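1. I need the structure of the sequence given here:
(chains A and B)
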Number of protein chains: 2
Amino acid sequence: MNGASQSAETAQAARRIMARADALGAISETPGALTRTHLTEEHRRAAKLVAGWMHEAGLAVWTDAAGNVCGRIEGAGPELPALLLGSHIDTVPDAGRYDGPLGVLLAIEVAARAAPGVLPFALEVVAFGDEEGTRFGTALSGSRALAGSWDDAWWDCTDASGISLRTAFERFGLDPRRLPDAAREPKDLVAYLEAHIEQGPFLEQAGQPLAVVSSIAGARRFALTVTGRAGHAGGTPYELRRDALVGASELVVEIERIGQELDVIATVGRMHAYPGGVNVIPGRVELSLDLRAEFDADRDDAWGRIQEAADQITALRDLEWSAQETYRADAVQCADWLQQAVEEGIRAACGDDPLTLWSRAGHDAMAVAGVAEVGMLFVRCGNQGVSHSPDETVSTGDVALALDAFTAAVRAVAERYAARS
Amino acid sequence: MNGASQSAETAQAARRIMARADALGAISETPGALTRTHLTEEHRRAAKLVAGWMHEAGLAVWTDAAGNVCGRIEGAGPELPALLLGSHIDTVPDAGRYDGPLGVLLAIEVAARAAPGVLPFALEVVAFGDEEGTRFGTALSGSRALAGSWDDAWWDCTDASGISLRTAFERFGLDPRRLPDAAREPKDLVAYLEAHIEQGPFLEQAGQPLAVVSSIAGARRFALTVTGRAGHAGGTPYELRRDALVGASELVVEIERIGQELDVIATVGRMHAYPGGVNVIPGRVELSLDLRAEFDADRDDAWGRIQEAADQITALRDLEWSAQETYRADAVQCADWLQQAVEEGIRAACGDDPLTLWSRAGHDAMAVAGVAEVGMLFVRCGNQGVSHSPDETVSTGDVALALDAFTAAVRAVAERYAARS
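-> Below you'll find the model as predicted:
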């Protein structure tokens, strides 16, 4: 495949990818909205579909000790190190169809095009089971199992029904004691490449279909609690109120102001007032905070400023507040040689010099970076880049370009890898 | 019983009331917190206890067609009109033990002291099953059934599990078609008296145990929805965000400001952001609004100002908002002759000129006012009057005074009733 000429075979594969994304998108825990979380019956059904497509593509298929679906095609020799291609198949609540699955489906098609015994490495595809952390709050737990950076504290994390991750593992048919078997050794890995929708508006604004990713933003997440005192809405005069919700609301407004001022992305995605009676002053509010920035220092500055704001707001209202850090990932650089390979792949498919973007969103590549060098390819999405929403869109034409670019990038990795070996 | 002298029998009855409030407080749907809502298994257990105590007190006991527990002692003749004494046995989430049950337990003890065949009217005690509206959003539905002002639209209200009020009635063993049988005729009623904890700090501040109630605040409740657009927290720059939660938070802060300015009690008790992922910009927020004031015009002015604020906030952020009125009760006056009877009762028990307060909270008396004149007696609660919270307290000494005052108030009603007849 050369230059900007696209084959009928590529167009057909792109339509197949779109149909498969629809098929996965129909597997949901919630009627009328796509929600598919870790170790659920819906996860099992999605994993089974993906395993079947890997098998059709000629891959040897297995489920690893963390529940990730894996497939492998051997290279020009037995037991060669593997180039990993992957992404995730879990979703946020009320999700779109492409965040995660598109990268897995593109990887399967790339592998389907690779004749066994030809590449200077094995090619593996991984469909991670838990990137979003929706069910247990354990983001990237699938890829961290593969990277050997699993945190044993996660076993006791519980979902909304009080089911622990350990119990969910067992009910899914996995053995928590075998979890370390999912970890891969650096010597067995060539690198990791991930294709993903941009989840942002920059490709659409630039009128380009694909971008090279330079780095992945550092992120920190916190569970915040603001505590006051519950009381009867009617009988408690304003001067005696310790209304946790008004204080928490002031904090939400201030978090946005600080984020805008410091050019840090700060989002409160969850907020819930307790006890939750219509005629009861809220005594406690629980909210989440997600911070991300291109540079870790900016992100940490914003957190310092938000803590000061929380101190001031709660002191004025005789409230208390606390924070628990639930997730932290420092910014990850994509390896130069992999950026070059992705750039070469995009140029082969599209003919243009591609845009280079930093990823505002976290990706499995962040975790895999602990055990292998990583590279990423972004695909344009429509509607100003909306994602984590049913309005998420990708065009079949862009998927076709992405497939050709990803295929060419793998070939470019092979050339560079042969030259380096 | 005269003046401020309190008998050993009264002290014993007060301790019995406290023990019974503890027994009811132990019947909860939620472990570690008191929540007992309409037509649940816990409602049934509480109703059974109350019915047993009514029976011990010598009352003829039945459950009416709305699930209210009723008891009756005949007066000096057959089928005389009845003086109703009552309150409710349902609770808010994470409630205290006295809001509602105290009035029912005091009424049972007052009835226990009334010899049958003596009073110029029958004495009835009612334990309403749904004052708070916690489960179905249908506040005062028990007393509105009795007052004949039941709203048939309520049948389709659903609880958090999607169970309709109609289905809950049937599962509880009640026949929705028979609901009108719960309605009472004005000619069969002398009046309604309700004792209740103040749920406010004014008695405690004044150092007095009991107050006469002059009127019950008018209230309106709304379910508000703020709608924006969900999106990925990382990939959506601030200028493209339509974050429903930041807008809703600004509105919460503004609602407090307007309430303070207009001397109207405005409370947001519920707030929940959707879809609720830690890394998803909230596309929708649902919140409740509770407004109450001594005068209906002030309450309605505040609602007008809040609507203007919501228009302005949402316009600036490209959000939308809507409101549904879920409850409306105009202010209710307590009848002068019943206020005088309650005042005489308090003076008999405490010796002092009592405080007169208007009730910031709604009560079953508001609904019963549709079918009978009403009067109310407030009992001091501690901790600055905190209520709708496990910190709700009442002293045994105040309960003893309330029992003597309530008993004397019934006697005063009897004298006035005889003079009026």
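2. longest helix in chain A, by number of residues?
-> Longest helix in chain A by number of residues, with DSSP state H as the criterion: helix A:396-420.
3. near residue A:88, how many other residues are there?
-> By other C-beta atoms under 10 Å in any protein chain shown, the residues close to residue A:88 number 26. Glycine gets a C-beta too; all of them are placed from N, C-alpha and C.
4. got a pLDDT number for it?
-> Looking at residue A:88, its pLDDT stands at 98.
5. list the contacts of the residue nearest to it when sequence neighbours are not counted.
-> Distance criterion C-beta to C-beta, 6 or more residues apart in numbering or on different chains; nearest residue to residue A:88, sequence neighbours excluded, is residue A:131 at 3.5 Å. Residue A:131 is in contact with A:87, A:88, A:90, A:100, A:139, A:140, A:142, A:143, A:362, A:363, A:364, counting by C-beta atoms under 8 Å, 6 or more residues apart in numbering or on different chains.
6. buried subset of these?
-> A:87, A:88, A:90, A:100, A:139, A:140, A:142, A:143, A:362, A:363, A:364 (16 or more other C-beta atoms under 10 Å in any protein chain shown).
7. quick one on the thing from earlier: tabulate the contacts of residue A:131 (CSV), appending secondary structure.
-> What follows is the contacts of residue A:131, written out as CSV (DSSP: H, G, I helix; E, B strand; the rest coil):
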residue, secondary structure
A:87, strand
A:88, strand
A:90, coil
A:100, coil
A:139, coil
A:140, coil
A:142, helix
A:143, helix
A:362, coil
A:363, coil
A:364, helix
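8. I'd like those residues as JSON lines, with distance to residue B:327 appended.
-> Below are the contacts of residue A:131 laid out as JSON lines (distance: C-beta to C-beta, whole Å):
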{"residue": "A:87", "distance to residue B:327": "49"}
{"residue": "A:88", "distance to residue B:327": "45"}
{"residue": "A:90", "distance to residue B:327": "41"}
{"residue": "A:100", "distance to residue B:327": "44"}
{"residue": "A:139", "distance to residue B:327": "41"}
{"residue": "A:140", "distance to residue B:327": "45"}
{"residue": "A:142", "distance to residue B:327": "47"}
{"residue": "A:143", "distance to residue B:327": "50"}
{"residue": "A:362", "distance to residue B:327": "44"}
{"residue": "A:363", "distance to residue B:327": "47"}
{"residue": "A:364", "distance to residue B:327": "49"}
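9. tell me the one of the residues you listed nearest residue B:262?
-> Using C-beta to C-beta, residue A:139 comes nearest to residue B:262 of the contacts of residue A:131, at 45.4 Å.
10. touching, residue A:355 and residue A:209? I think so.
-> No: the criterion here is C-beta atoms under 8 Å, and residue A:355 misses it with residue A:209 at 9.9 Å.
11. between the two, point out the one with more neighbours.
-> Per other C-beta under 10 Å, whichever of residue A:355 and residue A:209 has more neighbours is residue A:209, with 25 against 19.
12. count of residues packed around the nearest residue to the more buried one once chain neighbours are set aside?
-> In space, and not counting its chain neighbours, residue A:209 is closest to residue A:398: 4.5 Å by C-beta to C-beta, 6+ apart. Residues lying near residue A:398 (other C-beta under 10 Å) number 22.
13. hmm, residue A:398 is touching residue A:208, no?
-> No: applying C-beta under 8 Å, one finds residue A:398 not in contact with residue A:208, separated by 9.7 Å.
14. okay, and the common contacts of these two?
-> Common contacts of residue A:398 and residue A:208, defined by C-beta under 8 Å, 6+ apart, comprise residue A:380.
15. please tell me how far the most centrally placed residue in chain A sits from chain B.
-> Taking C-alpha atoms, centre = their mean, the centroid of chain A lies closest to residue A:363, which sits 4.0 Å from it. To chain B, residue A:363 is 10 Å away according to C-beta to the nearest C-beta, to the nearest Å.
16. what's the first helix or strand after the lowest-mean-pLDDT helix or strand in chain A?
-> Within chain A, no helix or strand scores below strand A:231-232, which has a mean of 82 by mean pLDDT, DSSP states H and E. Note on strand A:231-232: by DSSP states H and E, the next helix or strand toward the C-terminus is helix A:244-262.
17. may I see the buried residues of that following helix?
-> A:244-256, A:258-259, A:262.
18. do stretch A:162-174 as well
-> Buried residues in stretch A:162-174 (16+ other C-beta under 10 Å): A:164, A:165, A:166, A:167, A:168, A:169, A:172, A:174.
19. turn those into CSV, columns for secondary structure, pLDDT and distance to chain B.
-> Shown next, in CSV, are the buried residues of stretch A:162-174 (DSSP: H, G, I helix; E, B strand; the rest coil; pLDDT from 0 to 100; distance: C-beta to the nearest C-beta, whole Å):
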residue, secondary structure, pLDDT, distance to chain B
A:164, strand, 96, 18
A:165, helix, 97, 16
A:166, helix, 97, 22
A:167, helix, 97, 19
A:168, helix, 97, 18
A:169, helix, 98, 22
A:172, helix, 97, 22
A:174, coil, 98, 24
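20. between these, which is nearest residue B:372?
-> residue A:164 (55.1 Å).
21. grab the nearest non-local neighbour of that closest one.
-> What sits nearest to residue A:164 in space, not counting adjacent residues and going by C-beta to C-beta, 6+ apart, is residue A:158, at 5.2 Å.
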